[in-house]
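Colleague: quick one: sequence and predicted model below, then my questions.
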Amino acid sequence: MNGLVLRVTAGAAAGALLAAAAPLALRGVEPGQWQVSRSATGQGAVGVCLRDVVALAQFEHRGQACSRTILSDKPGETVVQYSCPAGDFGRTEMTVITPRALRLQTQGIHNGVPFAYQLHARRIGDC
């Protein structure tokens, strides 16, 4: 019986730590299936399944193992800087419009070429 209680308590503590690790701005934003486009209308959207919404910060480098640092975090807005292998990097300002809609201002270097653009992301359901 004590072993079961310890396991449940440890699981709850791990969940609390995981929630605390999420940027303040994104705490009400759920992972799942998202559509990401350069157009606010959603035209030309790309679908992505996310376990971690912060991964949208490195959309230009999606699928790469990059290290992330939160530069700024306040209700409704967080700024993420990231570095990837081979010298690629980026900086993204993530603004929460609603818990199901985000605006991303991103810039950096990808394959030695600079990029800078705005993205619109909408959560459309579970993966």
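Modeller: Nice, I can see it.

Colleague: per-residue confidence for the most centrally placed residue in the chain?
Modeller: With distances taken as Cα atoms, centre = their mean, the chain has residue 54 as the residue nearest its mean C-alpha position (1.6 Å). Looking at residue 54, its pLDDT stands at 94.

Colleague: quick one: list the elements packing against the helix or strand hosting residue 95.
Modeller: Using DSSP states H and E, residue 95 sits in strand 89-98. Packing contacts for strand 89-98, counted by 3 or more Cβ pairs under 8 Å, 6 or more residues apart in numbering; DSSP states H and E, involve strand 77-83, strand 101-110. The C-beta positions use only the backbone N, C-alpha and C, and glycine is treated the same way.

Colleague: and the longest one with strand 89-98, angle?
Modeller: Calculated by axes from the mean of the first three to the mean of the last three Cα atoms, to 10 degrees, strand 101-110 forms an angle of 170 degrees with strand 89-98.

Colleague: and the nearest residue to residue 64 once chain neighbours are set aside, how many neighbours does it have?
Modeller: Closest residue to residue 64 apart from its sequence neighbours, by Cβ to Cβ, 6 or more residues apart in numbering: residue 84 at 4.9 Å. As a burial measure, residue 84 scores 18 neighbours (other Cβ atoms under 10 Å).

Colleague: I am finished for the moment; much appreciated.
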